[in-house]
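Student: Dropping the sequence and predicted coords here.
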Amino acid sequence: MTGPTAPSGAAPSAVDRSALMHNYAEPAVTFVRGEGSTLYDTEGRAYLDFLSGLAVTSLGHAHPVVAEAVATQARTLSHVSNIFGNVVGPDVAVTLDRLVGGGSERAGGQVFFANSGAEANECALKLARRWAGPGRFRVVSTNDAFHGRTLAALAATGQFEKQAAFAPMPEGFDHVPYGDIKAMDGAVDPDRVAAVLIEPILGEAGVVVPSSDYLGALRQLCTERNVLLMVDEIQTGLGRTGRWFAFHHLGIEPDVVTMAKALGNGMPVGACWARAEVAAAFVPGDHGSTFGGQPLAMAAAQATLAVMEAEDVPAMAAAAGARLRDGLERLPGVDHVRGEGLLLAAVLVNDFAGPACAESLRGGLVINAPRPDVLRFAPSLLVSDADIDRAVQTLSPILARLSAAFGFRDGPDQETGPGTTSQS
């Protein structure tokens, strides 16, 4: 892919990062502008974005409706303390309650607004303890799950290499293998456990999908033992998997749902929804956030949700995801593809996902590798067929070279799939 000339006012190529903490690796590219599914770097080069800022810009970059809503709100009222009310947040909460219910009728819950997914999960964890009362404070989550990097969310995260440098973790968190209902059955002691926190699809672990009966069995277990079922939909929610929420694929009703990422299409906003009788455990002063639910973030969320509903993004994600899956399954070096909708992983025949990402970036395609043998794809839910075909076409020669260099392990057909020769 060749990019256009540098846009007017583009930042210089040399960016001084010396004043930043070194908690992130040095970036290979610095982006200065985005439009739809395209990003532009400091040199004006164009990139096809199939990561969406880790499933955040689900309507694409600089969506005009969201941008106008944010600009208008910034000129009107950007912030007031939660000591006072604003007119935007309550409307967003009503919409989210309806979408949790499937889109047509409200689910009968209530919402707390935060700034991120980790904070949404922090709210859920505190709510579970408040609801369960003294003595029942433990939360069971799963190995390989990712729930955030604040201390309590990190303690719930089942990736122990991320915890090691910050030990000891807060007390009250247990982990069992993902997808293992027998292990969960043994861990959920109704006298000690307040909640189970679960991802319907493990995103950061490489887009791992459990068996079709796992969440249903988990719902039954939690009901029988009077334990909350809390579903972390931060990466999967708001249309990405082909339904408004991933739990809708299975027809279950969670007690608590957390969401963020796509909710503001790039503005920092998260939310914790809970059934009304669970939400009632909170009383004034129990929990709060200085910026949570402020008008600027709520305007972004309001506009984002309006576009999502108008465009029927779950249906778009299902159709576009089927096309992307078909293309990926035919690529050389791909063993299989897993995921739902437009949250997909290409599992490679060997551990060359890192080099594949680096070469893809040089070729103008943004993806990432959550595991050494996994490429993750989370493009805009409005992604075009032409861009899907273009992404697959870009990957085909890269994976052909790398799979030859690293060796096949009984890989699939090496064709590139329908439409992969089209240009955009």
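Tutor: Now that the structure is in, tell me what you want to look at.

Student: Now do the same contact list for the spatially most central residue of the chain.
Tutor: Most central in the chain under Cα atoms, centre = their mean is Gln235, positioned 1.7 Å from the mean C-alpha point. Applying Cβ atoms under 8 Å, 6 or more residues apart in numbering to Gln235 gives the contacts 54-55, 117, 199, 201, 203-204, 261, 343, 378. Where C-beta positions appear, they are placed from N, C-alpha and C, glycine not excepted.

Student: If we use 10 Å, what do you get?
Tutor: Each residue near Gln235 by Cβ atoms under 10 Å, 6 or more residues apart in numbering is listed here: 54-56, 117, 146, 199-204, 207, 241, 246, 259-262, 343, 376, 378.

Student: ok, which stretches of the stretch 1-150 of the chain are strands?
Tutor: Remark: strands assigned in the stretch 1-150 of the chain by DSSP state E, counting those that start in this stretch are 31-35, 38-41, 46-49, 109-114, 138-142.

Student: Let's have these in JSON lines, adding mean pLDDT and distance to Val349.
Tutor: Putting these into JSON lines (pLDDT from 0 to 100; distance: least, Cβ to Cβ, whole Å) gives the following:
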{"stretch": "strand 31-35", "mean pLDDT": "97", "distance to Val349": "31"}
{"stretch": "strand 38-41", "mean pLDDT": "98", "distance to Val349": "29"}
{"stretch": "strand 46-49", "mean pLDDT": "98", "distance to Val349": "24"}
{"stretch": "strand 109-114", "mean pLDDT": "98", "distance to Val349": "41"}
{"stretch": "strand 138-142", "mean pLDDT": "98", "distance to Val349": "27"}
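
Student: And the residue nearest to the centre of the chain, how close does it get to Trp131?
Tutor: 25 Å (Cβ to Cβ, to the nearest Å).

Student: Only the buried residues of the longest helix seen in the chain, if you could.
Tutor: Scanning the chain for the longest helix, with DSSP state H as the assignment, gives helix 385-406. For helix 385-406, burial by neighbour count (16 or more other Cβ atoms under 10 Å) applies to 387-396, 398-399, 401-403, 406.

Student: Which other helices and strands does that helix contact?
Tutor: strand 46-49, helix 313-329, strand 334-340, strand 343-348, helix 353-362, strand 365-366, strand 374-377 (3 or more Cβ pairs under 10 Å, 6 or more residues apart in numbering; DSSP states H and E).

Student: Quick check: closest non-adjacent residue to Leu215.
Tutor: Counting by Cβ to Cβ, 6 or more residues apart in numbering, Leu215 lies nearest to Leu250, which is 5.1 Å off, once chain neighbours are set aside.

Student: tally of neighbours for the one you found?
Tutor: Look at Leu250: counted by other Cβ atoms under 10 Å, it has 16 neighbours.

Student: can you pull the pLDDT of it?
Tutor: On pLDDT, Leu250 comes in at 94.

Student: before we move on, what about the one 3 residues further on?
Tutor: Model confidence at Glu253, expressed as pLDDT, equals 97.

Student: Tell me who's in contact with it.
Tutor: Taking Cβ under 10 Å, 6+ apart, one finds 100-101, 107, 219, 223, 229, 231, 247, 275 in contact with Glu253.

Student: Tell me the buried residues within the residues you listed.
Tutor: 100-101, 107, 219, 229, 231, 247, 275.

Student: and these as JSON lines, adding distance to Ala306 and pLDDT?
Tutor: Below are those laid out as JSON lines (distance: Cβ to Cβ, whole Å; pLDDT from 0 to 100):
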{"residue": "Val100", "distance to Ala306": "17", "pLDDT": "98"}
{"residue": "Gly101", "distance to Ala306": "17", "pLDDT": "97"}
{"residue": "Ala107", "distance to Ala306": "19", "pLDDT": "94"}
{"residue": "Arg219", "distance to Ala306": "31", "pLDDT": "98"}
{"residue": "Leu229", "distance to Ala306": "29", "pLDDT": "98"}
{"residue": "Val231", "distance to Ala306": "24", "pLDDT": "98"}
{"residue": "Phe247", "distance to Ala306": "23", "pLDDT": "98"}
{"residue": "Arg275", "distance to Ala306": "25", "pLDDT": "98"}
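
Student: neighbouring contacts of stretch 162-174?
Tutor: 125, 128-129, 136-142, 146-147, 149-158, 160, 184, 187-189, 192-194, 196-197, 204.

Student: which stretches of the chain aren't confidently modelled?
Tutor: The chain contains residues with pLDDT under 70 at 1-13, 408-424.

Student: domains of it?
Tutor: 31-63+313-406, 65-311 (automatic domain parsing).

Student: so can I have TSV of those domains showing distance to Met21?
Tutor: TSV is the format used below for these (distance: least, Cβ to Cβ, whole Å):
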stretch	distance to Met21
domain 31-63+313-406	20
domain 65-311	14
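
Student: Mind checking the ones you listed for the one nearest to His22?
Tutor: domain 65-311 (13.6 Å; Cβ to Cβ).

Student: Any idea how far apart the tips of the closest one sit?
Tutor: 12 Å (Cα to Cα, to the nearest Å).

Student: give the contact list for Ala262.
Tutor: Ala262 neighbours (Cβ under 10 Å, 6+ apart): 52-53, 55-59, 233-240, 269, 301, 304-305, 308, 313, 378, 380-381.

Student: still on that earlier bit, identify, from the buried residues of helix 385-406, the entry nearest to Gly36.
Tutor: Using Cβ to Cβ, those come closest to Gly36 at Asp387, 8.5 Å.

Student: Surely that closest one touches Leu48?
Tutor: Yes. The criterion here is Cβ atoms under 10 Å, and Asp387 meets it with Leu48 at 6.0 Å.

Student: so what sits against both of these two?
Tutor: In contact with both Asp387 and Leu48: 36-38, 365, 379, 424, using Cβ under 10 Å, 6+ apart.

Student: Can you say which of those are buried?
Tutor: 36-38, 365, 379.

Student: out of those, who's nearest Ala320?
Tutor: Nearest member of those to Ala320, counting by Cβ to Cβ, is Pro379, at 7.6 Å.

Student: Save the strands of the stretch 1-150 of the chain as a markdown table, and put in distance to Ala69 too.
Tutor: Output for the strands of the stretch 1-150 of the chain, formatted as a markdown table (distance: least, Cβ to Cβ, whole Å):
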| stretch | distance to Ala69 |
| --- | --- |
| strand 31-35 | 17 |
| strand 38-41 | 22 |
| strand 46-49 | 22 |
| strand 109-114 | 16 |
| strand 138-142 | 35 |
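
Student: Can you tell me which of these is packed in deepest?
Tutor: Most buried of the strands of the stretch 1-150 of the chain, by mean neighbour count (mean count of other Cβ atoms under 10 Å): strand 138-142, with a mean of 25.
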